[in-house]
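> Okay, structure incoming, though there's no sequence with it:
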């Protein structure tokens with residue numbers, strides 16, 4: 001490739017990135033629809049091999065996705081809302097326990113000064129916020145309906161997701177074939193190799209890491225509820241979702257569970273040991289069974305890179321960016337690894353000249 005062509009490609013990539021950044025408010029249904037199409041395409045291909053038409057296969061897969069989503073709404077969401085409401089009601093009691101029991105104990109142990117925590121200011125701020133409303137759903141509805149246009153845009157984007165996902169899933173193989181036909185003939189093999197490796201990494205993440213998160217959420221929630229923790233379901237689900245970052249789910253979950261146990265049972269040793277046992281079992285299952293079996297070592301993202309990818313995705317594209325941050329980071333990791341190998345074989349890297 002000549003120098004002029006390289007500059008043209010670079011300018012084109014910069015313009016494309018700027019266009020994507022400007023269009024980010026409307027990209028959510030297309031990105032989520034693309035993700036649904038990517039997840040559902042292997043199932044549709046399998047149904048095609050069984051003799052079903054592509055359109056009917058897509059319809060069946062979408063019905064399966066809709067059923068799973070409906071079950072989640074009907075079963076899991078009411079339970080979580082109930083636990084959030086319970087947590088909302090317990091907040092004043094938790095502040096009393098923190099002020100009268102926990103902080104005096106810490107102050108006596110470490111010899112801190114009186115009023116070191118400025119707890120009165122925190123209590124006034126929290127109490128004022130709690131007094132402003134008594135309904136969590138009312139708060140959410142008030143924020144959502146504050147701007148009628150924003151609410152219409154949000155509803156429109158939500159309705160576009162299944163439409164975009166359906167058509168992309170139906171024409172997925174055709175789109176890939178046309179994209180491959182546009183590749184330069186001399187570079188087709190190399191590009192297909194990169195795409196295949198990216199597909200393996202994405203498949204390992206989407207099928208593996210998401211299953212690990214779901215399994216850990218079930219283990220943590222069931223274990224904490226068996227221990228008798230009243231907020232066990234909420235803390236278990238949050239710990240499972242936080243497991244998308246290595247060790248983050250364990251730290252968040254065990255900290256919240258121990259704090260809730262201390263508030264609920266005081267300094268009784270047996271509930272605390274039960275919480276420690278639940279998270280120890282979860283960590284053993286994750287390290288020895290779930291991650292090696294479901295994920296393997298094909299992703300290889302450093303924990304710092306995972307945190308940066310999630311924060312960067314949220315900053316650039318909001319909630320959609322958070323959902324797509326790690327798959328995109330996994331693809332970038334594959335491309336960077338090949339760029340590193342190419343750099344090591346280039347003349348630029350070459351041996352240093354001998355000293356005079």
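Right, received. Where do you want to start? Please read all numbers here as calculations on a predicted model, not as lab measurements.
> list the buried ones in the helix or strand hosting residue 219?
Using DSSP states H and E, residue 219 sits in helix 210-227. By neighbour count on 16 or more other CB atoms under 10 Å, the buried set for helix 210-227 is 212-213, 215-217, 219-221, 223-225, 227. In short, each C-beta sits where N, CA and C put it, glycine included.
> helices or strands up against that helix?
Counting contacts by 3 or more CB pairs under 8 Å, 6 or more residues apart in numbering; DSSP states H and E, helix 210-227 is packed against helix 232-242, helix 248-265, helix 269-285.
> Of those, which stretch is the most buried?
Neighbour counts (mean count of other CB atoms under 10 Å) averaged over each of those peak at helix 232-242, with a mean of 23.
> counting contacts, what elements does that one pack onto?
Under the contact criterion of 3+ CB pairs under 8 Å, 6+ apart, helix 232-242 touches helix 77-97, helix 210-227, helix 248-265.
> picking up where we left off before, just put the helices and strands packed on helix 210-227 in CSV and tack on distance to residue 316 and mean pLDDT.
Listed next are the helices and strands packed on helix 210-227 as CSV, based on distance: least, CB to CB, whole Å; pLDDT from 0 to 100:
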stretch, distance to residue 316, mean pLDDT
helix 232-242, 21, 87
helix 248-265, 21, 85
helix 269-285, 32, 90
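> Format those as CSV; extra columns: distance to residue 190.
Converted to CSV, the helices and strands packed on helix 210-227 look like this (distance: least, CB to CB, whole Å):
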stretch, distance to residue 190
helix 232-242, 38
helix 248-265, 36
helix 269-285, 40
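> Closest one to residue 73 out of the buried residues of helix 210-227, please.
residue 217 (16.4 Å; CB to CB).
> what's the closest non-adjacent residue to that closest one?
residue 240 (2.5 Å; CB to CB, 6 or more residues apart in numbering).
> Quick check: that neighbour vs residue 326, distance?
Note on residue 240: its distance to residue 326, by CB to CB, to the nearest Å, is 15 Å.
> and whichever helix in the chain runs longest, what does it pack onto?
For the chain, the helix with the greatest residue count under DSSP state H is helix 303-344. Judged by 3+ CB pairs under 8 Å, 6+ apart, helix 303-344 is in contact with helix 28-49, helix 188-203.
> Give me the angle between that helix and helix 188-203.
Put simply, helix 303-344 runs at 170 degrees to helix 188-203, going by axes from the mean of the first three to the mean of the last three CA atoms, to 10 degrees.
> for the record, mean pLDDT for helix 303-344?
Mean pLDDT, helix 303-344: 79.
> circling back: out of the helices and strands packed on helix 210-227, nearest to residue 336?
Smallest distance to residue 336 across the helices and strands packed on helix 210-227 (CB to CB): 23.4 Å, for helix 248-265.
> lowest-pLDDT helix or strand in this structure?
When each helix and strand of the chain is scored by mean pLDDT, DSSP states H and E, helix 136-144 comes last, with a mean of 52.
> What's the first helix or strand after it?
In N-to-C order, the element after helix 136-144 by DSSP H and E is helix 148-170.
> Please look at residue 183 and residue 191 and confirm they touch.
Yes - using CB atoms under 8 Å, residue 183 makes contact with residue 191 at a distance of 5.3 Å.
> what residues go with each domain of this protein?
The record's domain parsing of the chain by automatic domain parsing lists 23-108+119-182, 185-346.
> Residue 7: which of these is closest?
The nearest among those, by CB to CB, is domain 185-346 at 18.5 Å.
> Which elements pack onto the one helix or strand residue 174 maps to?
Assignment of secondary structure by DSSP H and E places residue 174 within helix 172-181. Under the contact criterion of 3+ CB pairs under 8 Å, 6+ apart, helix 172-181 touches helix 28-49.
> now the angle from the helix it packs on to helix 188-203?
Relative orientation of helix 28-49 and helix 188-203, computed by the same axes, to 10 degrees: 100 degrees.
> Helix 28-49 vs helix 148-170, what angle?
Using the same axes, to 10 degrees, one finds that helix 28-49 and helix 148-170 are set 20 degrees apart in direction.
> tell me which residues of helix 28-49 are tucked away?
28-41, 43-44, 47.
> residue ranges with poor pLDDT in the protein?
Scanning the chain for pLDDT under 70 picks out the ranges 1-4, 90, 92-97, 99-100, 111-151, 246, 295-301, 319-320, 351-356.
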